[in-house]
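**Student:** 3D, please:
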Amino acid sequence: AVGVAVDGCSAPTFVLPARSAASAFAALAVSDEAGPRRLRAAVSASPVLYAGNGRTCTKLLAAFDGGVYPKSGAEGFYALGVRDARLGLALKIDDGAQRATEALVATLLLRLLPDLPSKTRSALEAMRRTPVRNAAGLTVGAIEATPP
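**Tutor:** Residues are numbered from 1 along each chain as shown. Take a look at the predicted model:
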């Protein structure tokens, strides 16, 4: 079941379990229908226009040569579909911030997809540790997902 709520921008927001969101992103990533194909092609052709410089989505699109469909959302939500692996992920960071997303997504993908090409693996390894910078731009720490 999909519910509808209103987000902070007053736009309708769909409410559904993370498992359902992950399934939807997996389906979007692997679909051969015209709409999803056009959407993936547009996102892959212009990742910076889609997400912006240095953003997690942009880095993932480059790491997977467009073989993913990633999307950040409000309040710490993140989802992606990986075409070749037929995999969908959806996660929600409890405090609503995005700062842990990159390290967590990279760590999960490395764990779930052990046979990645070396280029993709290297890019994900670099994303596993997100620097924390102060107002002066100095690195004062890092966010890193670690196994339980």
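
**Student:** contacts and neighbour counts: CA atoms only from here.
**Tutor:** Noted.

**Student:** What strand or helix carries the most centrally placed residue in the chain?
**Tutor:** For the chain, the residue sitting closest to the mean C-alpha position, by CA atoms, centre = their mean, is P70 at 4.3 Å. Using DSSP states H and E, P70 sits in strand 68-72.

**Student:** Adjacent strands (with direction) for that strand?
**Tutor:** Partner strands for strand 68-72, per DSSP bridges, with pairing direction: strand 77-82 (antiparallel).

**Student:** Tell me the helix or strand right after the partner strand.
**Tutor:** Going down the chain from strand 77-82, the next helix or strand is strand 87-92, by DSSP H and E.

**Student:** neighbouring contacts of that following strand?
**Tutor:** Residues from elsewhere that reach strand 87-92, judged by CA atoms under 8 Å, 6 or more residues apart in numbering: 18-19, 21-27, 75-82.

**Student:** ranges for the helices of the chain?
**Tutor:** For the chain, the helices defined by DSSP state H occupy 18-30, 34-45, 47-51, 56-63, 101-112, 118-127.

**Student:** Buried residues in the fifth one, which are they?
**Tutor:** Residues 101-110 are the ones in helix 101-112 that count as buried (16 or more other CA atoms under 10 Å).

**Student:** name the helices or strands packed onto it?
**Tutor:** Counting contacts by 3 or more CA pairs under 8 Å, 6 or more residues apart in numbering; DSSP states H and E, helix 101-112 packs against helix 118-127, strand 129-133, strand 139-144.

**Student:** And the fourth one, by the same measure?
**Tutor:** Applying 3+ CA pairs under 8 Å, 6+ apart, one finds that helix 56-63 makes contact with helix 47-51, strand 68-72, helix 118-127.

**Student:** 10 Å instead, please
**Tutor:** Contacts defined by 3 or more CA pairs under 10 Å, 6 or more residues apart in numbering; DSSP states H and E place helix 56-63 against helix 34-45, helix 47-51, strand 68-72, strand 77-82, helix 101-112, helix 118-127.

**Student:** Output the ones you listed in a markdown table; the columns should cover mean pLDDT.
**Tutor:** Converted to a markdown table, these look like this (pLDDT from 0 to 100):
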| stretch | mean pLDDT |
| --- | --- |
| helix 34-45 | 94 |
| helix 47-51 | 92 |
| strand 68-72 | 95 |
| strand 77-82 | 96 |
| helix 101-112 | 95 |
| helix 118-127 | 96 |
